[in-house]
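> Quick one, what's the 3D model for this:
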Amino acid sequence: MALLELERVNTFIGSVQVLRDISINVDKGEIVCLVGRNGAGKTSTIKTIMGLLRPKSGTIRFKDEDITDLPPYRRARLGIGLAPDYRGIFTDLTVEENLQFPKWVIKRNRNQSGSNIEKEVHAIFPELDRLRKREGLVLSGGEGKMVATARALMLNPELLLLDEPLEGLAPIVLVRFAERIKKIREALGIAILLAESNIAHASRVADRIYVVERGEIVYGGSVEDVSRDEQLNRLVRGF
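Numbers count the residues shown, from 1 in each chain. This is a model prediction of the structure:
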């Protein structure tokens, strides 16, 4: 049974349709990547799953429960965490305060005590100890993405949504962050759905990928198959 299922989801922003009959699934403990050019519909899919955009039709199920009409905070309580592409950290709060914020506003605990999940998160991102008193305003791009991801993990979700986590990072930071994404799955058993524009980035972490183009899923399967398919390869690389 899939942890997350989207079935023929159609989403509009105003009068513009941004998702067309989107059907995808993510199993427990799996890393799945949405790949596509900028504007293809990746972020709209992530926002629709989180409830930040409401679909006009279709069904979203999480742990076999219909969550299509649930508000974002209810989805967070059920076990969905989000690190958005714009980071979303509070610039006037310290790193430590940003990490504690989810526990102040949403009481949820899956299988671990708060102290245990904090230890796990700090083990995955040891740099957090060095940064804990630094305000969000002065963080680098890579540091901000790390804090946003760590904050999403603080409630120990069962599904983590990452929007463009590897975009814009220096090569050495990108490699390190990709390894941390895989470590999240290994250490916490969390399923991960991430959106990426770069097929090479996706290949570093994903078990499966979906290719998104103009709000539609045009392929679902392995990264290797995309690399061997000239038409798909050209599509995701924007040629």
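> how far away is residue 161 from residue 81?
For residue 161, the distance to residue 81 (Cβ to Cβ, to the nearest Å) stands at 7 Å. Heads up, the C-betas are built off the backbone N, CA and C, glycines and all.
> residue contacts, the closest residue to residue 95 other than its chain neighbours?
In space, and not counting its chain neighbours, residue 95 is closest to residue 131: 4.6 Å by Cβ to Cβ, 6 or more residues apart in numbering. Residues near residue 131 by Cβ atoms under 8 Å, 6 or more residues apart in numbering: 95, 139, 143, 147.
> For those residues, which entry has the maximal number of neighbours?
In terms of neighbour count, residue 147 stands highest of the contacts of residue 131 at 28 neighbours, by other Cβ atoms under 10 Å.
> who touches the strand or helix carrying that residue?
Mapping residue 147 onto the secondary structure by DSSP states H and E places it in helix 141-153. For helix 141-153, contacts defined as Cβ under 8 Å, 6+ apart pick out 81-84, 87-89, 95, 98-99, 101-102, 117, 120-121, 124-125, 127-128, 131, 136, 139, 160-162, 165, 168-170, 173, 177, 180, 184, 188, 190.
> likewise stretch 170-185?
29, 31, 124-125, 142, 145-146, 149, 153, 160, 162, 165-166, 169, 190-192, 194, 201, 204-205.
> so where is the protein shaky, pLDDT-wise?
Applying pLDDT under 70 to the chain picks out residues 105-115, 236-239.
> May I ask you to name the longest helix in it?
Longest helix of the chain, by residue count under DSSP state H: helix 171-188.
> can I have that one written out in PDB, keeping just the CAs?
In PDB, the C-alpha atoms belonging to helix 171-188 read as follows (Å, rounded to 0.1, in the frame of the first residue of the first chain):
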ATOM      1  CA  PRO A 171      29.200  21.600  -6.100                       C
ATOM      2  CA  ILE A 172      30.800  20.400  -2.900                       C
ATOM      3  CA  VAL A 173      27.800  21.500  -0.900                       C
ATOM      4  CA  LEU A 174      25.400  19.800  -3.300                       C
ATOM      5  CA  VAL A 175      27.200  16.500  -2.900                       C
ATOM      6  CA  ARG A 176      27.100  16.800   0.800                       C
ATOM      7  CA  PHE A 177      23.400  17.700   0.900                       C
ATOM      8  CA  ALA A 178      22.500  14.900  -1.400                       C
ATOM      9  CA  GLU A 179      24.200  12.500   1.000                       C
ATOM     10  CA  ARG A 180      22.200  14.000   3.900                       C
ATOM     11  CA  ILE A 181      18.900  13.400   2.000                       C
ATOM     12  CA  LYS A 182      19.800   9.700   1.700                       C
ATOM     13  CA  LYS A 183      20.800   9.700   5.400                       C
ATOM     14  CA  ILE A 184      17.400  11.100   6.400                       C
ATOM     15  CA  ARG A 185      15.800   8.000   4.900                       C
ATOM     16  CA  GLU A 186      18.300   5.600   6.400                       C
ATOM     17  CA  ALA A 187      18.300   7.100   9.900                       C
ATOM     18  CA  LEU A 188      14.600   8.000  10.300                       C
END
